[in-house]
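My questions are about this predicted structure, shown below with the sequence.
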Amino acid sequence: MNSVDAAGVGIGDEYPARIMGVLNVSEESPYDPSVYDDPVEAAAYVDEALIDEGADIVDIGLESANKRFDVLTAEEELERLHVALETIDNVAGDAVFSIETRYATVADEALSRGFDMVNDICGFADPKMPTVCREHDAAVVKMASPPDLQRPGAVEETDWASRRSAAWADSADYVDMIYEALERNGLTDKTIVDPAFGGWSEAKTIEHDLETFRRLSEFRALERPMLISINRKNFLGEIAGRDTADRLPASLAATAMAIERGADIVRTHDVAETRDAARIGSAFADRATRDGSDLSSESE
C-alpha cells in the first residue's frame, strides 16, 4: 500500500484514519449547516465545527454535486473561488485544505493560492487534472466516474461495451465497473481513491452501494489510500429504516466497519462523532495483514 503525504499529513496504513470535514460555499448545496457565503462566518464554522472537533482535512465545495442542479462551468467555479480563498485566509486552526472541483484550471488556481489538495468528483474526466496535481506535488482524491465532466459518479451509465468490450460489459458487475473507472487515466503517486457511494444517477441502486461496501477491501489492490463518503447516505437509511436526520448512528457504525475494511479517510459533516467512530474502527483494524482481492487482472 502506497501512503500519501498531503501537505504534511500522512495518509495510509501506517497513519491513523483521517477525518475530512466539509464546507460548502454554494447556495445550491442541500445540507444547510455546512453552507456559507460569507468568508468570516465560514472560517468560524471551519475552526469551531470542523478543526476543533478533529478534522484533519477541510474539503471546500464551490457547487453542489447534486444531480438535480446544473453543472457550473470552470469559469463559474473560478468566480466563486474567492470566497473559499478568503475563508482559508481567515481560519485560525491548522488543517489540510482540499478544493472539490472537476476542472484542472480551477484546481491549478486553487493550489497556486493556498489550497493543499484536490477532491476530483469526476475522476480525471478532465485529462489535465493528473498533470496539474503532479506539478503542484498535491494529493488528489479520484472518485470513480465516467469520462464525462457532466456526470460525476455515474459509473453505471458508462458505455462499457464500447470502452472495453461487449464481453467484458456483459460479465462485469458494479464493483468491477468502479475498479475500471478508478484506473481510467491512471493514478498519480499521490492519488487517493473514492469508490463513489451515493445516488449519483437514476440508474444506481441501493444494492450497488451495499455491494460496494461489502467488497470495500478489494480496492486496496489499487495500492492507494481510500476515501469513503458514506455520512447519512441512503443505503444506510435503507438498512436502519431512518430518514437523513436520524442516520448518524448508522453512519458511525458503518464508519468503524469501513476503516476495518480499508478506508483511510472518512468525509463527513459530523466531525466529532465520526472521529470517535474512526478511532474504534482503527483500534480493531489489522492494517499489517489486511488485503483485498486483486481485481486488476479483470482490467487487462
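Looks like it arrived, so ask away.

lowest-confidence helix or strand of this structure?
When the helices and strands of the chain are scored by mean pLDDT, DSSP states H and E, helix 160-163 comes last with a mean of 89.

So which bits of the biggest helix by length in the chain are buried?
The longest helix of the chain (DSSP state H) is helix 74-90. Across helix 74-90, burial judged by 16 or more other C-beta atoms under 10 Å covers 74, 77, 78, 80, 81, 83, 84, 85, 86, 87, 88. All C-beta atoms are positioned from the backbone trio N, CA, C, and that covers glycine.

OK, contacts around the third one?
Contact criterion C-beta atoms under 8 Å, 6 or more residues apart in numbering gives 105, 106, 109 as the residues in contact with residue 78.

Now do it against residue 140, distance only.
The gap separating residue 78 from residue 140 is 19 Å, by C-beta to C-beta, to the nearest Å.

Just the C-alphas of the lengthiest strand in the chain, formatted as CSV.
Scanning the chain for the strand with the most residues, using DSSP state E, yields strand 18-24. What follows is strand 18-24, C-alpha atoms only, in CSV (Å, rounded to 0.1, in the frame of the first residue of the first chain):
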residue,chain,number,x,y,z
ARG,A,18,-8.1,10.8,8.8
ILE,A,19,-11.3,12.9,9.1
MET,A,20,-12.3,15.2,6.2
GLY,A,21,-14.8,17.8,7.3
VAL,A,22,-17.0,19.6,4.7
LEU,A,23,-17.6,23.3,3.9
ASN,A,24,-19.8,24.4,1.0
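
other SSEs contacting it?
With contacts taken as 3 or more C-beta pairs under 8 Å, 6 or more residues apart in numbering; DSSP states H and E, strand 18-24 sits against strand 57-61, strand 265-268, helix 271-284.

who touches the next helix or strand along the chain from it?
Toward the C-terminal end, the helix or strand that comes next after strand 18-24 (DSSP states H and E) is helix 39-45. Helix 39-45 is contacted from outside by 23, 25, 34, 36, 83, 86, 87, 88, 89, 90, 91, 92, using C-beta under 8 Å, 6+ apart.

The nearest residue to residue 148 once chain neighbours are set aside: which element?
Nearest non-adjacent residue to residue 148, counting by C-beta to C-beta, 6 or more residues apart in numbering: residue 125, 5.8 Å away. Per DSSP H and E: residue 125 is located in neither a helix nor a strand.

Please tell me the pLDDT value assigned to residue 125.
pLDDT for residue 125: 96.

can you check the one 4 residues further on too?
Listed pLDDT for residue 129 reads 98.

before we move on, what about residue 290?
Turning to residue 290, the model gives it a pLDDT of 50.

Sketch out the helices for the stretch 101-250 of the chain, chain order is fine.
Taking DSSP state H, counting those that start in this stretch as the criterion, the stretch 101-250 of the chain contains helices spanning 104-112, 129-135, 160-163, 166-171, 174-183, 206-214, 234-240, 248-260.

tell me which of the contacts of residue 78 is nearest to residue 220?
residue 106 (30.0 Å; C-beta to C-beta).

So that closest one is in contact with residue 113, correct?
No. Using C-beta atoms under 8 Å, residue 106 is not in contact with residue 113; the gap is 11.0 Å.

between the two, who's got more neighbours?
The residue with more neighbours, out of residue 106 and residue 113, is residue 106; 27 against 14, by other C-beta atoms under 10 Å.

Show me what the nearest residue to residue 61 once chain neighbours are set aside bridges to in the sheet.
Nearest residue to residue 61 in three dimensions, chain neighbours excluded: residue 100, at 4.2 Å (C-beta to C-beta, 6+ apart). Beta bridges link residue 100 to residue 61, residue 119, judged by DSSP bridges.

What's the separation between residue 100 and residue 210?
For residue 100, the distance to residue 210 equals 25 Å [C-beta to C-beta].

go on, residue 270?
For residue 270, the distance to residue 210 - C-beta to C-beta - is 21 Å.

out of the two, which sits in the more crowded spot?
Higher neighbour count among residue 270 and residue 210: residue 270, with 22 against 14, using other C-beta under 10 Å.

and the more buried one, what does it touch?
With contacts defined as C-beta under 8 Å, 6+ apart, residue 270 is in contact with 231, 232, 248, 251, 252.
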